[in-house]
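S.K.: model the structure of this input:
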Amino acid sequence: MRSYGKSDIGCVRTENQDTIFYTDQPIGMLRNLYIVADGMGGHNAGAYASRYVTDKLVENARKSTGWDVVAFLKNVLQQLNYDLLQKGRAEAEYSGMGTTTVAASEKDGTLYVVNVGDSRLYLIRNHEIKQITVDHSYVQELITAGVIKKEEGINHPNRNVITRAVGAPQSLDVDNFILPLEDDDYVLLCSDGLHGMLSDEEILQLVSDDTKNLEEKTDLLIDRAKKKGGKDNIAVILIQKESRGEIQC
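M.R.: Okay, here's the model as predicted:
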């Protein structure tokens, strides 16, 4: 696995509340680890929530043992949900804070994914793009119920309302996905600052450009989102599964 990630404040916000972490090297029980967290709350609170969850996931990963990747990630997120709730109750300025989180780790050709909120994980394979995670948002509930079409959700007035976040509920429900990977697959983790600005087709076009490397593709994704308004912070981690026999430098 090879990866590159970047977080950008965008063109409108005065604070970057997105946090990322990525490593292609072993970390505790995990072969690798990729995290995007998009915080919400008042001044500093959203940034605190996303940074806390990311840092604590990494800290726990370093100490982890065992084999069940999904169980490990879900258990840590549920504990961090409790931690954020307690801090919010103890300190008024942190009340109501929370963060989306999408995290993934690859092992033996299989990608293990957990998510809470509307940060996403996409699979790009053979010049086709597929959203793997399901948004925990008001708009997605309307789409699922058949009230509106997916296209109508793009400009819906409540498109930024999420229904699940780390730090929000008493008991956190964490979604998980298990995804077999193929050589040369791309995996994209991103906050809504990217997928809220770019269509899936635009993302696919930029990631599928074989003339660019991971760093250039990541920069192009962020630049394009900013050129289209950059209304929110933008977090991107782009991963490529290397072909067998390819040597990583």
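S.K.: can you list contacts of the top helix by length along the chain?
M.R.: As assigned by DSSP state H, the longest helix anywhere in the chain is helix 69-90. Outside helix 69-90, the residues within contact range by C-beta atoms under 8 Å, 6 or more residues apart in numbering are 29-30, 49, 52-53, 56-57, 60-61, 64, 66, 94-99, 101, 103, 105, 107, 112, 114, 116, 166-172, 174, 176, 178. Where C-beta positions appear, they are placed from N, C-alpha and C, glycine not excepted.
S.K.: distance check, D8 against I222.
M.R.: 5 Å (C-beta to C-beta, to the nearest Å).
S.K.: what sits in contact with each of these two?
M.R.: Shared contacts of D8 and I222, counting by C-beta under 8 Å, 6+ apart, come down to I234.
S.K.: shouldn't D24 be in contact with G5?
M.R.: No - between D24 and G5 there is no contact under C-beta atoms under 8 Å: 10.9 Å.
S.K.: neighbour-wise, which of those two wins?
M.R.: Just comparing D24 and G5: by other C-beta atoms under 10 Å the higher neighbour count belongs to G5, 21 against 17.
S.K.: quickly find the element holding the more buried one.
M.R.: strand 2-8 (DSSP states H and E).
S.K.: repeat that for K56.
M.R.: Applying DSSP H and E, one finds K56 within helix 45-63.
S.K.: repeat for N176
M.R.: Per DSSP H and E: strand 175-180 holds N176.
S.K.: that strand pairs with which strands, parallel or anti?
M.R.: If you go by DSSP bridges, strand 175-180 pairs up with strand 110-116 (antiparallel).
S.K.: could you give the angle of the longest strand seen in the chain to helix 45-63?
M.R.: If you go by DSSP state E, the chain has its longest strand at strand 98-107. On the basis of axes from the mean of the first three to the mean of the last three C-alpha atoms, to 10 degrees, strand 98-107 is oriented at 30 degrees to helix 45-63.
S.K.: any idea of the mean pLDDT for strand 98-107?
M.R.: Mean pLDDT, strand 98-107: 96.
S.K.: and if you look at stretch 181-197?
M.R.: 95.
S.K.: wait, is E141 part of a helix?
M.R.: Yes - E141 forms part of a helix when assessed by DSSP: H, G, I helix; E, B strand; the rest coil.
S.K.: can you tell me how far the closest residue to it other than its chain neighbours sits from G98?
M.R.: Closest residue in space to E141, ignoring its immediate chain neighbours: T163 at 6.5 Å, by C-beta to C-beta, 6 or more residues apart in numbering. T163 sits 11 Å away from G98, going by C-beta to C-beta.
S.K.: what do you get for V139?
M.R.: Distance from V139 to G98, by C-beta to C-beta: 18 Å.
S.K.: okay, those two: which has more neighbours?
M.R.: G98 (28 against 23).
S.K.: mind checking how far that one is from G5?
M.R.: The value you get for G98 to G5, if C-beta to C-beta is used, is 22 Å.
S.K.: what's the closest non-adjacent residue to Y112?
M.R.: Nearest non-adjacent residue to Y112 (C-beta to C-beta, 6+ apart): V69, at 4.1 Å.
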